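*Asks:* quick one: sequence plus predicted model below, questions after.
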Amino acid sequence: MRIPNLAKNNYQMRYPLTSRLATLLLTPLLALSAAAASRPQAKPNIIIILADDLGPGDISCAGATKVQTPNIDRLAAQGIRFTQGYAPSATCTPSRYSLLTGEYAWRQKAKTTTILDGDAPLCIEPGRLTLPAMLRQAGYHTGVVGKWHLGLGDGQTRVDFNGEVKPGPLEVGFDYCHIIPATVDRVPSVWIENHRVLGLDPADPITVSYLTNISDEPTGLERPDLLKQGADKQHSCTIINGISRIGYMKGGKSARFKDEELASTVVAKSVEFLEQRKDKPFFLEVGLFEPHVPRVAEPPFVGKSGCGVRGDVVQQIDWEVGEIMKALDRLNLATNTIVIFSSDNGPILFDGYYDRSVEDLNGHQPTAGLRGWKYLTFEGGCRVPFIARWPQQIKPRVSDQLFGLVDIYATLAKIVGQKIPAHTAPDSLDLSAVLLGKTKKNVRDHTVLHGIGGLALRQGDWKYIPATTSAGGMGSGANAADERFAAANIPEPLLFDLATDPSETTNVIAKHPAKAKRLARQLETIREAPAKPAKAKP
């Protein structure tokens, strides 16, 4: 409250006692107001919701008409939606690795970062300053719920799912975890909370193998009549909950998850985390399972999309996002919470299970017309939905600036005031100026994309894909002869001008050979040079 001097003097002359009383009452209020003005702004809470195999054309705010995603649409309407959002890889494990480390996964030499099995060792070195570890240093309580898929154990001894399961999320920066080890199509089909498998009966221990059938239970190949969904050979091992999986599992029957309850569990544990940590800054990574195979919709969503089971589980994703948003509203946390929604790679229809995703598409375009799918370095494999909402700081808009999952690390470090040590998060760019609307420039001028055939480079509007001879490096038993991976075999280099040809239909390398050579050299330099801390363009 500010009283003009003249009015204040007249007031004091006419009512001296009242004036002194008012001054006595007003002084502490003014002091409190000044203290509040000088108090540093509370650090924002942070939630990253990462879908699994969701495409840029799968959400209605980006043009989808056959499926409806009103909650994701509201998130976008209240924040920024990037039309040029990228996953650093066209497959899950390497993208998730890059998100948490700020480093391209293909740089990793000591650990395997290809598509990991459920008993594969942890691919992030314990003690490394990961995204959650950095945020923990900044005073955050950190948690991860849902899909993990970054390995468990030290690689020296077999993972013991009947004892303490570690190292894992708690050894790389998370204070709490409620996860499944890999993908829902891979054994073991169980939930792990912190270091223990939930609901495990010690009298029925878990054994897992990806090499030999150690189980006494039927497989999909032996008993296809028991299956809810038919599957290819790779996905036809041990049958769990009427669905055959990759790999063999024996025991642990009381601990096995039910596919029809996965989404509800993710929501329940995420909301529980928010409720328990609402009074101090928190970071929560929510790993959704949809629309990855096997696609199983919970009862309220069965048949609701008009695009078959894949469309149903996309709308299920929207419900999960909506429930988390409702919790933020109910707890009065929405205003100062950064919510980032994206996907670990682009979409795919058939991916091992005969669930009629192709037949029931009904005109829906998961890639929004972009070329390629999951596994491939074409835009359809790496371009993903990318939405960020922070009502306190982000003005609603749509942006065509480049933003990748690998950049989240450095961007959040800047926002929370943490300095990144040298050689940490070397490929991550601080794009906080982009996120907060302080620049309209493309601060990230290039990005490297990784698929089962190797690497590709996007530089400005140009896209260069080297020739490949095989779908190398896909890992985990994927068959290079499978038609899903045929497009990874590129007999000659490709150059696309995305400004005029966003769907990569025309190879213009013959018209621009010098440009192709420059991009090839740049990609090779990036590949061969030791990783250095990335710097944003001025």
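*Replies:* Perfect, thanks for sending it.
*Asks:* looking at this protein, which helix or strand is least sure?
*Replies:* Every helix and strand of the chain was ranked by mean pLDDT, DSSP states H and E. The lowest is helix 5-14, at a mean of 38.
*Asks:* show me where the stretch 101-250 of the chain has its helices.
*Replies:* In the stretch 101-250 of the chain, the segments counted as helices under DSSP state H, counting those that start in this stretch are 131-137.
*Asks:* any regions of it where pLDDT drops low?
*Replies:* Of all residues in the stretch 101-250 of the chain, none has pLDDT under 70.
*Asks:* how many other residues sit next to the nearest residue to S209 once chain neighbours are set aside?
*Replies:* Nearest-residue entry for S209: Y248, 4.9 Å, with adjacent residues in sequence omitted and distances by C-beta to C-beta, 6 or more residues apart in numbering. Every C-beta, even on glycine, is put in place using the N, C-alpha and C of the backbone. The number of residues packed near Y248 is 19, by other C-beta atoms under 10 Å.
*Asks:* these two touch, right, Y248 and C237?
*Replies:* Yes: with contact defined as C-beta atoms under 8 Å, Y248 reaches C237; the gap is 5.2 Å.
*Asks:* mutual contacts of these two, please.
*Replies:* Jointly contacting Y248 and C237 under the rule C-beta atoms under 8 Å, 6 or more residues apart in numbering are 187, 213, 219.
*Asks:* give me the phi and psi for the first one.
*Replies:* Put plainly, it is V187. phi -80, psi 160 (degrees, to the nearest 10).
*Asks:* list the contacts for it?
*Replies:* Contacts of V187 by C-beta under 8 Å, 6+ apart are 118, 208, 237-238, 240, 245-249.
*Asks:* and the gap between it and H149?
*Replies:* Distance of V187 to H149, given as C-beta to C-beta, to the nearest Å: 13 Å.
*Asks:* can you check the last one too?
*Replies:* When C-beta to C-beta is applied, the distance between T219 and H149 equals 23 Å.
*Asks:* out of the shared contacts of Y248 and C237, flag the one nearest to P385.
*Replies:* Nearest to P385 out of these is V187 (C-beta to C-beta; 29.5 Å).
*Asks:* how close does the closest one sit to G230?
*Replies:* 19 Å.
*Asks:* on that earlier part again, nearest to P294 among the contacts of V187?
*Replies:* Out of those, the member with the shortest distance to P294 (by C-beta to C-beta) is R245, at 8.3 Å.
*Asks:* ok, now which ones touch that closest one?
*Replies:* R245 neighbours (C-beta under 8 Å, 6+ apart): 185-187, 189, 235, 237-239.
*Asks:* S236 now?
*Replies:* Going by C-beta under 8 Å, 6+ apart, the list of residues near S236 reads 219-221, 224, 244.
*Asks:* at 10 Å what do you get?
*Replies:* 219-224, 227, 230, 244-246, 352-353 (C-beta atoms under 10 Å, 6 or more residues apart in numbering).
*Asks:* ok, now L50?
*Replies:* L50 touches 87, 92, 95-96, 99, 144, 146-147, 285-288, 340-344, 384, 405, counting by C-beta under 10 Å, 6+ apart.
*Asks:* where helices are concerned, which of the residues you listed count?
*Replies:* 92, 95-96, 99 (DSSP state H).
*Asks:* mind putting the residues you listed into TSV with pLDDT and neighbour count?
*Replies:* Listed next are those as TSV, based on pLDDT from 0 to 100; neighbours: other C-beta atoms under 10 Å:
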residue	pLDDT	neighbour count
C92	96	25
S95	98	28
R96	98	29
L99	98	27
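*Asks:* distance of L135 relative to R107?
*Replies:* L135 is 22 Å from R107, by C-beta to C-beta.
*Asks:* show me which of the two is the more surrounded one.
*Replies:* Counted by other C-beta under 10 Å, L135 and R107 do not tie: L135 has more neighbours, with 24 against 17.
*Asks:* the more buried one and I47 touch, don't they?
*Replies:* No: taking C-beta atoms under 10 Å as the definition, L135 is not a contact partner of I47, at 11.9 Å.
*Asks:* what comes into contact with stretch 157-165?
*Replies:* 118-122, 151-153, 166, 168, 179, 181, 187-188, 190, 192-197, 200-202, 204-209, 249, 251-252, 255.
*Asks:* and which of the shared contacts of Y248 and C237 is nearest to G437?
*Replies:* V187 (45.7 Å).
*Asks:* go ahead and confirm D407 touches P88.
*Replies:* Yes: at 9.3 Å, D407 counts as touching P88 under the criterion of C-beta under 10 Å.
*Asks:* now the common contact residues for those two.
*Replies:* 98-99, 427, 447.
*Asks:* which of those residues ranks first by neighbour count?
*Replies:* Neighbour counts for the shared contacts of D407 and P88 peak at S98, which has 30 neighbours (criterion: other C-beta under 10 Å).
*Asks:* in which helix or strand would I find A520?
*Replies:* Element membership for A520, per DSSP states H and E: helix 513-528.
*Asks:* avg pLDDT for that helix?
*Replies:* Mean pLDDT, helix 513-528: 96.
*Asks:* many thanks, have a good one.
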